[in-house]
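S.K.: Structure for this input, please:
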Amino acid sequence: MMELKEWILFSVLLNFSVQSINIQELKEVGLVITCRGEAAHIREKRRVEPRKAEESEEEEVKKKYKRLDHDIKIRGEIRSRYAMTLVENKVLNTENVAREVFFNVILPETAFISKFALEVDGKVYIAEVKEKEEAWKQYKDAVEEGKSAGHVGISARHSNKFRVSVNTESGGIVRFYLVYEELLRRKNGIYTYLINISPHQKLSHYSIDVNIMEERNITRLTVPELKPHLLKKDQQRSSSEQLKHSSILMSPSNGGRASVSYNPNIIHLQEKAKEGPLKFLLEYEVDRSSEGSQMELYQGYFVHFVAPENLPPIAKHVVFVLDTSGSMMYRKMQQTINAMKTILGEMRDQDYITILRFSDEVSVWEVDENSIVTADKTNRQLAIEFVEGLEAKGATNINSALVKALTLITHVQQKGVLEGVQPMVFFLTDGHPTQGVTDTQKILENVRQANKDARAAIFSLAFGVKTDFGMLKTLSIQNYGFARKIYTAADASLQLEGFYKEVSSPILSNVEFNYLNSSLITQSVTDTVFHTFYQGGEMVVAGILDPEISQPIIEYEITALQSSGEYRHSGEQKPADIIPISETVDAYIDFLPDTRIEYNFLERLWAYLTVQDLFIKLSKGELVSCNQPKPLPTILGMEGEGPGDGLIICNNLHRALYLSLRYQFVTPLTSLVVVKPDSKENGDFGEADRFEERLGVRMMSGTRLTCGPRLLLAVSLLVSYILGTTTSAPALRV
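M.R.: Residues are numbered from 1 along each chain as shown. Here you go, the predicted model:
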């Protein structure tokens, strides 16, 4: 059984996340770190405090500060879909008083932060990624020794916003450096590299430079116009024209290489970003003329990309579970209806439709007393008419709705009526459960039990900001699907339609990769089982080769079910057959002016994918992946789990932590630690304390901390990723 310490740590890690950190270097204080929960897509409203009579004239002047200019340079390096992005922000304090400088980055949802540093008046402070428990211990030790420290946690809330602020003297220069990494996923036949442009910043310079290197020729590369995160009624959708002030340069000698740059007119960019964040999108595709399997190998690591093409879609049974509670009234309900009309109109004759609406109770749409109807033209029209009559009222009974949907699917499967038809649940809600079973852990347990035999994919759509997105995310992960946020903007209907399009064409089910020889270290291979493969997507497997085999041969077989029956694809990859990695393989990125990060991109791709897979397993309650062959050392070095070390970690929690530390990924298991060298400043944490009072969070040492000779800062930066909610203890099995 899991030790009590492990269970407490696991529960805490799943329950707490910090969306942003605030670092202030005050004249007397040094560094102060506080935390702010903040959804990335919401424009922050300023808190207006009543003016105190004793406010000094100096405080009055501070309120009239002008915004400082930000010089922002972004560089991206994409190697075989694996992207590393460096954001550099330089700010000069042109005021005649000390100023607080802010650094905001909205990260892609699946990205891991791997490096962060700040330079204040020529002094560089580099953050380290450490175990969260160790960071907390450092904080407690610092407090006990009379040193100043800040370590604040707030309740979980989904966000991907990184926020830092630091104080600098008049005429001082602050530079922020942030590196994050991600594997670009193929959706609807394209890879999309996203950079979020933060709003409300005064800019002196802004530029984006991206280099792409693929081993196959790039067949499509576009940079569409900037897209707002939230579209208003009077705004037009982005056109298909290329973004102004952007340029695309294809390599004349290598069809897999290209570079993209964006140097906008600063005035125009600031004007466009006034209303909210903007999305810079780079979209590309590679040559698919050869077979859909591509394998790359470098320095003991391999990656296998598989994207079968030209296969007919499998017939599907879509169960739409639609929230019609009172909170869906007016705009949300109308946008849902508009989207459903489009979705239903595009369904194929071979598909099947079931529609459930739920509020206090659950009701099922029927045609001639049948709740499962063919999606022919007549029934599609009847379904549209039913949806047009939906009204929002009542409470939210999520548990009954989902259990009812899965019960219908199970009964159909038991009767063998829709053999070979792929079931899926399209679940939309805008709130928390308020009727029937309201405990989220019980709902998750009930849904897993109801879906035990059906094994239907559940795709959850969180409509608006008041939804329990953490619960929906876990719900979908545990049931072969994924969750997305739908923002309540003018284009909400388009967001719904786009989500459905991603999964509307399943072409393979029960996909399994089998690597048939001993050239691979078995425990190193990432997930090889895929519930469903959807048209326009891509399956990715990575692993480590056995270093004792000088001429490895990777023999594989892929089995699945397709519309016509069994699908089988096999191959054998010898070193001479595997696509050779281009020259200058050791990718690098200039993190600091005198610091170049060189990395094996295939190794980091493997580590990234492995950590992601481990978090998915943990969210399903799978604590172990194998039987530990030998006891692990009490303290693991950072050189383990690579070619030739023979280290095997079967505990998924331990392994995820170990890899997060080794590759310096900021994950729900690690913390970002900033250490400031010895100093003799004196001061207090009054501002941090007042902020904590507003949050209802107490610092361990009480209400005030005084500075000592050395300032150590450990802040839990939990980038909310896969684990947005708790997993109940009964679900964990060893």
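S.K.: and whatever helix or strand I353 lives in, which strands flank it?
M.R.: Counting by DSSP states H and E, the element that carries I353 is strand 352-358. With DSSP bridges as the test, strand 352-358 is paired with strand 316-323 (parallel), strand 362-364 (antiparallel), strand 373-374 (antiparallel).
S.K.: Sort out which residues of stretch 512-520 are buried, please.
M.R.: F513, Y515, S519, L520 (16 or more other CB atoms under 10 Å). C-beta: built from backbone N, CA, C; applies to glycine.
S.K.: Just give me the closest of the residues you listed to L561.
M.R.: F513 (14.6 Å; CB to CB).
S.K.: Was I right to think the closest one contacts F305?
M.R.: No - counting by CB atoms under 8 Å, F513 does not reach F305; the two are 11.7 Å apart.
S.K.: Spell out, range by range, the strands that occur in the stretch 101-250 of the chain.
M.R.: Counting by DSSP state E, counting those that start in this stretch, the stretch 101-250 of the chain has strands at residues 112-120, 123-126, 128-131, 161-168, 173-183, 186-187, 190-197, 202-213, 218-222, 227-228, 246-250.
S.K.: Tell me which of the strands paired with strand 352-358 sits nearest to E497.
M.R.: strand 316-323 (13.2 Å).
S.K.: The helix or strand following the closest one versus strand 352-358: what angle between them?
M.R.: Sequence order places helix 331-345 as the next helix or strand after strand 316-323, per DSSP H and E. Here helix 331-345 points in a direction 170 degrees away from that of strand 352-358 (axes from the mean of the first three to the mean of the last three CA atoms, to 10 degrees).
S.K.: and helix 331-345, what other elements does it pack with?
M.R.: Contacts defined by 3 or more CB pairs under 8 Å, 6 or more residues apart in numbering; DSSP states H and E place helix 331-345 against strand 316-323, helix 377-388, helix 492-503.
S.K.: Which positions within the helix or strand following the second one qualify as buried?
M.R.: This points to helix 377-388. Note on helix 377-388: by DSSP H and E, the next helix or strand toward the C-terminus is helix 398-415. Of the residues in helix 398-415, 398-406, 408-410, 412-413 count as buried by neighbour count, 16+ other CB under 10 Å.
S.K.: Now do the helices in the stretch 451-600 of the chain.
M.R.: 469-477, 492-503 (DSSP state H, counting those that start in this stretch).
S.K.: and A315, which of those helices is closest to it?
M.R.: helix 492-503 (14.1 Å).
S.K.: quick one: contacts of that closest one?
M.R.: Applying CB atoms under 8 Å, 6 or more residues apart in numbering, the external contacts of helix 492-503 come out as 187-188, 237, 332, 335-336, 338-340, 342-343, 424, 426, 428, 457, 459, 461, 463, 481, 484, 486-487, 489, 532, 534, 536-537.
S.K.: Now that helix: buried residues?
M.R.: A492, S493, L494, Q495, L496, E497, F499, Y500, K501, E502, V503.
S.K.: could you give the angle of it to strand 316-323?
M.R.: 150 degrees.
S.K.: Quick one: mean pLDDT for helix 492-503?
M.R.: For helix 492-503, the mean pLDDT works out to 87.
S.K.: Likewise for stretch 241-252?
M.R.: 92.
S.K.: now it, how far from the chain's geometric center?
M.R.: Distance of stretch 241-252 from its chain centroid, counting by CA atoms, centre = their mean, to the nearest Å, is 28 Å.
S.K.: again, but for stretch 611-620
M.R.: 13 Å.
S.K.: Stretch 76-95 now?
M.R.: 18 Å.
S.K.: Can you list the buried residues in stretch 312-330?
M.R.: Neighbour count says stretch 312-330 has 313-325, 327-328 buried, by 16+ other CB under 10 Å.
S.K.: meant to ask about stretch 430-445, not that
M.R.: Buried-residue list, stretch 430-445, by 16+ other CB under 10 Å: D430, G431, P433, T434, Q435, G436, V437, T440, Q441, I443, L444, E445.
S.K.: least confident pick among these?
M.R.: For those, the pLDDT minimum is G431, 83.
S.K.: Which helix or strand contains that residue?
M.R.: Using DSSP H and E, G431 is not contained in any helix or strand.
S.K.: Ok, T434 next?
M.R.: With DSSP H and E as the test, T434 turns up in no helix or strand.
S.K.: Give me the pLDDT for F463.
M.R.: pLDDT, read off for F463, is 88.
S.K.: ok, now which ones touch it?
M.R.: By CB under 8 Å, 6+ apart, the neighbours of F463 are D323, M328, K332, T336, L428, T429, D430, I486, T488, A492.
S.K.: Just name the closest of these to Q201, please.
M.R.: Among the contacts of F463, and counting by CB to CB, the member closest to Q201 is T488, at 24.7 Å.
S.K.: Please name the nearest non-neighbouring residue to the closest one.
M.R.: Counting by CB to CB, 6 or more residues apart in numbering, G464 is the residue found nearest to T488 once chain neighbours are left out, at 4.8 Å.
S.K.: Tell me which residues touch that neighbour, please.
M.R.: G464 neighbours (CB under 8 Å, 6+ apart): K332, D430, G431, I486, Y487, T488.
S.K.: Repeat that for V421.
M.R.: Contacts of V421 by CB under 8 Å, 6+ apart are I314, A315, K316, H317, Y352.
S.K.: 6 Å instead, please
M.R.: A315, H317 (CB atoms under 6 Å, 6 or more residues apart in numbering).
S.K.: thinking again about what came up before, by pLDDT, give me the weakest of the buried residues of stretch 512-520.
M.R.: Scoring the buried residues of stretch 512-520 by pLDDT puts S519 last, at 83.
S.K.: ok, now which ones touch that one?
M.R.: S519 touches L545, D546, I549, P552, I553, I554, counting by CB under 6 Å, 6+ apart.
S.K.: Among the strands of the stretch 101-250 of the chain, which comes closest to G420?
M.R.: Nearest of the strands of the stretch 101-250 of the chain (CB to CB): strand 186-187, 25.6 Å.
S.K.: Any idea how far the closest one is from the middle of the chain?
M.R.: On CA atoms, centre = their mean, the centre of strand 186-187 falls 15 Å from that of its chain.
S.K.: Strand partners (parallel or antiparallel) of it?
M.R.: As assigned by DSSP bridges, strand 186-187 forms pairs with strand 190-197 (antiparallel).
S.K.: For the closest residue to F463 other than its chain neighbours, which residues are in contact?
M.R.: Using CB to CB, 6+ apart and skipping residues adjacent in sequence, the residue nearest F463 is D430, 3.9 Å away. With contact set as CB under 6 Å, 6+ apart, D430 has these partners: D323, S327, M328, K332, F463, G464, T467.
S.K.: For the nearest residue to R220 once chain neighbours are set aside, grab the count of nearby residues.
M.R.: Once flanking residues are discounted, R220 sits nearest to E285: 4.2 Å by CB to CB, 6+ apart. Counted with other CB atoms under 10 Å, residues neighbouring E285 total 17.
S.K.: Please list the residues outside the strand or helix carrying E285 that contact it.
M.R.: Taking DSSP H and E as the definition, E285 sits inside strand 278-286. Applying CB under 6 Å, 6+ apart, the contact partners of strand 278-286 are 190-195, 197, 210, 214, 216, 218-224, 226-228, 260.
S.K.: Which among those count as buried?
M.R.: 191, 193-195, 197, 210, 214, 216, 218, 221-224, 226-228, 260.
S.K.: where does the stretch 101-250 of the chain have low pLDDT?
M.R.: 133-159, 230-240 (pLDDT under 70).
S.K.: could I get the helices and strands packed on helix 331-345 as TSV with distance to I72?
M.R.: Formatted as TSV, the helices and strands packed on helix 331-345 follow (distance: least, CB to CB, whole Å):
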stretch	distance to I72
strand 316-323	40
helix 377-388	45
helix 492-503	28
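S.K.: out of those, nearest to M84?
M.R.: helix 492-503 (25.4 Å).
S.K.: what about the stretch 601-734 of the chain, any weak spots by pLDDT?
M.R.: Along the stretch 601-734 of the chain, segments meeting pLDDT under 70 span 629-647, 674-734.
S.K.: Good, wrapping up.
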